[in-house]
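>>> Please work out how this folds:
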Amino acid sequence: MDETTRLIGDPGGVTTERLVAKIKHQKLVIEKLVRLAAALTSRIDVVQMLDVVRNECAELLGADRCAVYLLDRERRTLGLYSAPDKMLEDVSLPLDRTSVAGCTALTQSAFRIADVRRMPPDAGCRFNDVFDRLSRYRTLSLVSAPMVQSTGETLGVIQALNKNVEGKVVPFTEYDLEIARALASLSAAMIEKTMLAIDAASRLDELEENRQFVAETTEALRHSERLSTIGQLAASVAHEINSPITGIISYANFILGQRRLHHKIREDALAIKEQAQRISTIVRNLLDYSRKKTSVMEFCSLNEVITDTMSFCEHFLSRFQHVKLELNLEEPSPKLHLSKVEIQEVLINLIRNAAQAMPGGGALTVSTSVVSTIRPPTNISREIFEKLTRVGTRDTTRYALVRVDDTGAGIPYENLRKLFKPFFTTKQGGDGTGLGLSISQEIVVRHGGLVDVATAPGKGSTFFVFLPM
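Predicted coordinates for the structure are as follows:
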């Protein structure tokens, strides 16, 4: 007998008259083990493999029931991963000597229990009847064999309960224990091989994802460089536009200064002046926006920052004729210490995204309010409020909130966790770099604030920007 095999309470061994039957049975067992190995090789799902092992174990050993445990090293428990009663598969045993399965896994020894009710004191373990109680089953005898990996680490345990011969429960034999050990070794090898194959496939998928990410990142960087060049060109053009616009305003003022001027000419000259001044304001804002490369913090009216930002968005929004823009700016306007150009960049990104989410039209609303972390406001969810309470310092209890609401299709759940990652975009045809939201989040965080989103499929999205007051 192998030194790791223990016989506990067996009243007898193998007799001579059973020898011929044993040899025939041994041949049958070997054939079944070969077929089992082929069956396991064709499967890549570990749970399915365990079910096949459990069924073959019961047939090979003539057992009423078989069970397969897998070891959870972190929790130091044995989980029942394959059992005849599925309700038991959520139950686990501690990795200790309070059960035969635990002792099998700890010692990597195979056990044959002739009668669980009469286990001798020197057995070194106890029989745990938790599964009997849960399934209203009565275990009388069992065999338990460890599944050990090639690295020498325990993978799990196979157990067979109550050997049934002609309707009677009899003790398992020494030969049954040998079969259980062979089955456990074969199962461990096949499961280990499958887990290695799954790990290799996962690594290949990860490499492919990394390759795709590098390709997309390279293209996005090229696109960003092109946008940067276009931005510099636009700033240069804006500078050149300034001179003739100044001349137009001067000539309009000259006309308006004339006496005896026909009222129609005066109206036209006034309209020319107003529109030229509007162009001049847009050009000045564009130049300011393009020149400010570093964060210049100053006290600003939040509402003024938003209204100034709209001049950047007017031309873009004109492409979306059926998108209705509405501003709901709370008065008095919060005064915040911020970088105007950076907050404008955040707002432009959010407004552009909202408009693009409604190609068939809809409502785009930009609103402001003041919220406090002392009392949960009614206009944000509990989850977002809890995030807000973890932002900034203890002294920061009041935040200015900018909401950008759209009535588009909403954001799919699978995209939410990637929404603020660099280079992630769902826009087609190079319409986006995937940098807008990640840069916006970086800016808001640098201001000591929070940016978050709430969405519902078919009902649109709301982006929240919280800035400390």
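
>>> what ranges do the helices span in the chain?
Using DSSP state H, the helices found in the chain span residues 19-41, 46-61, 100-107, 130-135, 174-256, 263-291, 302-317, 340-356, 382-389, 413-416, 436-446.

>>> so where's the stretch 251-400 of the chain shaky on pLDDT?
The model of the stretch 251-400 of the chain has pLDDT under 70 over residues 282, 284-295, 392-394.

>>> sorry, back to before: okay, the helices of the chain in a markdown table with mean neighbour count next?
Glycine gets a C-beta too; all of them are placed from N, C-alpha and C. Putting the helices of the chain into a markdown table (neighbours: other CB atoms under 10 Å) gives the following:
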| stretch | mean neighbour count |
| --- | --- |
| helix 19-41 | 13 |
| helix 46-61 | 19 |
| helix 100-107 | 24 |
| helix 130-135 | 14 |
| helix 174-256 | 14 |
| helix 263-291 | 15 |
| helix 302-317 | 17 |
| helix 340-356 | 22 |
| helix 382-389 | 14 |
| helix 413-416 | 10 |
| helix 436-446 | 18 |
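
>>> closest one to Gly167 among those helices?
Among the helices of the chain, helix 46-61 comes nearest to Gly167, with 15.7 Å by CB to CB.

>>> Using CSV, write down the CA coordinates of that closest one.
The C-alpha trace of helix 46-61 is given here as CSV (Å, rounded to 0.1, in the frame of the first residue of the first chain):
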residue,chain,number,x,y,z
VAL,A,46,-13.7,23.8,-16.3
VAL,A,47,-17.2,23.4,-14.8
GLN,A,48,-18.3,21.1,-17.6
MET,A,49,-15.1,19.1,-17.1
LEU,A,50,-15.9,18.7,-13.4
ASP,A,51,-19.4,17.5,-14.2
VAL,A,52,-18.0,14.9,-16.5
VAL,A,53,-15.5,13.8,-13.9
ARG,A,54,-18.2,13.5,-11.2
ASN,A,55,-20.4,11.4,-13.4
GLU,A,56,-17.6,9.1,-14.5
CYS,A,57,-16.4,8.8,-10.9
ALA,A,58,-19.9,7.5,-9.8
GLU,A,59,-19.9,5.0,-12.7
LEU,A,60,-16.4,3.7,-12.2
LEU,A,61,-16.7,3.2,-8.4
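
>>> Does that helix pack against any helices or strands, and if so which?
Under the contact criterion of 3 or more CB pairs under 8 Å, 6 or more residues apart in numbering; DSSP states H and E, helix 46-61 touches helix 19-41, strand 63-72, strand 77-82, strand 154-165, helix 174-256.

>>> Just want the angle from the third one to helix 46-61.
Read that as strand 77-82. With axes from the mean of the first three to the mean of the last three CA atoms, to 10 degrees as the basis, strand 77-82 and helix 46-61 are set at 80 degrees to each other.

>>> strand partners of strand 77-82, parallel vs antiparallel please.
In the sheet, strand 77-82 lines up against strand 63-72 (antiparallel), strand 92-94 (antiparallel) (DSSP bridges).

>>> buried stuff in that strand?
Neighbour-count burial for strand 77-82 flags Thr77, Leu78, Gly79, Leu80, Tyr81, Ser82 (criterion: 16 or more other CB atoms under 10 Å).

>>> Look up how far Leu142 lies from the nearest residue to the first one once chain neighbours are set aside.
So that's Thr77. Using CB to CB, 6 or more residues apart in numbering and skipping the chain neighbours, the partner closest in space to Thr77 is Ser92 (4.2 Å). As judged by CB to CB, to the nearest Å, Ser92 and Leu142 stand 18 Å apart.

>>> circling back to that earlier point, nearest to Ala276, of the strands paired with strand 77-82?
Ala276 sits nearest to strand 63-72 of all these, at 74.6 Å, using CB to CB.

>>> and the angle for the closest one with helix 100-107?
Interaxial angle, strand 63-72 versus helix 100-107 (the same axes, to 10 degrees): 50 degrees.

>>> Burial check on the residue nearest to Thr77, number of neighbours?
The local packing of Ser92 (other CB atoms under 10 Å) involves 18 other residues.

>>> still on that earlier bit, so which of the strands paired with strand 77-82 gets nearest Leu336?
Using CB to CB, the nearest of the strands paired with strand 77-82 to Leu336 is strand 63-72, at 51.2 Å.

>>> Show me which residues of stretch 70-78 are buried.
Buried-residue list, stretch 70-78, by 16+ other CB under 10 Å: Leu70, Leu71, Thr77, Leu78.

>>> what's the farthest-apart pair in those?
Leu70 and Thr77 (9.7 Å).

>>> Grab the most central residue of this structure for me.
Residue closest to the mean C-alpha point of the chain, counted by CA atoms, centre = their mean, is Arg417 at 6.0 Å.

>>> how about it, phi and psi?
Torsion angles at Arg417 (phi, psi; degrees, to the nearest 10) stand at phi -70, psi -20.

>>> what about Val165, distance to Phe111?
Using CB to CB, we find Val165 at a distance of 20 Å from Phe111.

>>> more neighbours, those two?
Using other CB under 10 Å as the criterion, Val165 and Phe111 rank with Phe111 on top: 26 against 8.

>>> how close does the more buried one sit to Ala184?
In terms of CB to CB, Phe111 sits 12 Å off from Ala184.

>>> cool, and Thr151?
Taking CB to CB as the measure, Thr151 falls 16 Å from Ala184.
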